[in-house]
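Q: Next input, structure requested:
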Amino acid sequence: MERNRIIDNHVIITHCNLEGFDVDDIYEGNPSWMEYRLNMFEKYTLTSLMNQTDPGFHLLMFCHTNTPPPFKQQLLDLEEKYKFLKLMWDQTHFTGHGGEIPSFYNSIKNAYIEVRNNDSDDIICSRMGTDDMVEVRFNEIIKSLTQQVNTISIAGGLYWDVITDEFLHSMFPTGPFVSVKSTLTDFKGDMREISHHHLINQTQGSFIMNEDPLWIQLCSGTNVWNALDKMPGEKIEHPGGEFLEINFGFKK
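A: Model prediction:
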């Protein structure tokens, strides 16, 4: 694959501790959900993004405006350490379950214009969780693929139970790793108003049936939805530490 010219018009969108989480109290416990998730976020998600072959991207993470200390300070420290990360202290991501989509997209657009280092009208928006990892070529590949089609879903990836250290290989064409290319003059965000299960069909986009896994979704004690027995795919042998380090930047 030909290397793309470095341009920072890819925006990855995630969220942390917004209202609507199915957790009784995310700040209580030892460790609390918040402490556990932030540690996972840095250890796995940020590590995979830090090692991208194409560093031209921005990660916008929506956080609760009233995040209590010391968690707010921990978030600010991460923003200072990882220059591609920009925190968004904004609740419109969840408010109204879609009713605030225009406001949400306006926040993304304004934040991107503030941090970007290019004058292109094109912009790519991708979805990611704070317990996801992406392959080191992810940004490079997304930019290349969206030159041919505006909406894509990356089907092939892995589920990793970090408690049991077991892996599942998955081919999930309607999964959450979707990207949408639009323009600043006709900004469509990541089309979050459409479920990832239906996005490609409704936008006439493309499923990318990649042979090499381009993402890992982590299964842990705080994410019951991603339990291996609930995910599509087949269990595989542990791919090995060298594979994880080379392909996802993760090193124990």
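
Q: Model confidence for the nearest residue to residue 33 once chain neighbours are set aside, exactly?
A: Residue nearest to residue 33 in three dimensions, not counting chain neighbours: residue 26, with 4.2 Å by C-beta to C-beta, 6 or more residues apart in numbering. For every residue, glycine as well, the C-beta is placed using N, CA and C. Residue 26 is assigned a predicted lDDT (pLDDT) of 86.

Q: How much space separates residue 26 from residue 172?
A: With distances taken as C-beta to C-beta, to the nearest Å, residue 26 is found 27 Å from residue 172.

Q: Can you list the low-confidence ranges for the stretch 51-200 of the chain?
A: 94-99 (pLDDT under 70).

Q: Strands of that one, residue ranges please.
A: With DSSP state E, counting those that start in this stretch, the ranges of strands along the stretch 51-200 of the chain come out as 58-63, 85-89, 122-127, 132-134, 151-154, 156-161, 166-171, 178-183.

Q: OK, contacts around residue 248?
A: 47, 48, 51, 133, 134, 135, 136, 216 (C-beta atoms under 8 Å, 6 or more residues apart in numbering).

Q: what does the helix or strand containing the second one contact?
A: By that I understand residue 48. Taking DSSP states H and E as the definition, one finds residue 48 inside helix 47-50. With contacts defined as C-beta under 8 Å, 6+ apart, helix 47-50 is touched by 12, 57, 59, 82, 84, 133-136, 138, 216, 248-250.

Q: circling back: out of the strands of the stretch 51-200 of the chain, which is closest to residue 114?
A: strand 85-89 (8.1 Å; C-beta to C-beta).

Q: between the closest one and strand 58-63, how many degrees?
A: On the basis of axes from the mean of the first three to the mean of the last three C-alpha atoms, to 10 degrees, strand 85-89 is oriented at 30 degrees to strand 58-63.

Q: just use 755 as the starting number from now, easier for me
A: Renumbered: residue one is now 755, and that last one reads strand 839-843.

Q: Quick one: distance of strand 839-843 to the chain centre.
A: Centroid separation for strand 839-843 versus its chain: 14 Å, with C-alpha atoms, centre = their mean, to the nearest Å.

Q: do stretch 785-800 as well
A: 14 Å.

Q: Stretch 876-890 too?
A: 3 Å.

Q: Can you give me the neighbour number for residue 799?
A: For residue 799, the count of nearby residues is 25 (other C-beta atoms under 10 Å).

Q: what's near enough to touch it?
A: With C-beta under 8 Å, 6+ apart, residue 799 has these contacts: 768, 882, 883, 884, 885, 886, 887.

Q: which non-adjacent residue is nearest residue 903?
A: Nearest non-adjacent residue to residue 903 (C-beta to C-beta, 6+ apart): residue 960, at 4.7 Å.

Q: Which strand residues bridge the one you found?
A: residue 906 (DSSP bridges).

Q: Do I have it right that it meets residue 908?
A: No: with contacts counted by C-beta atoms under 8 Å, residue 960 stays clear of residue 908, the gap being 10.2 Å.

Q: Which of the two has more residues huddled nearby?
A: residue 908 (26 against 17).

Q: Which residues are in contact with the more buried one?
A: Residue 908 touches 896, 929, 931, 932, 933, 962, 964, 968, 969, counting by C-beta under 8 Å, 6+ apart.

Q: Which pair of the residues you listed spans the longest distance?
A: Longest span within the contacts of residue 908, C-beta to C-beta: 896 and 929, 14.5 Å.
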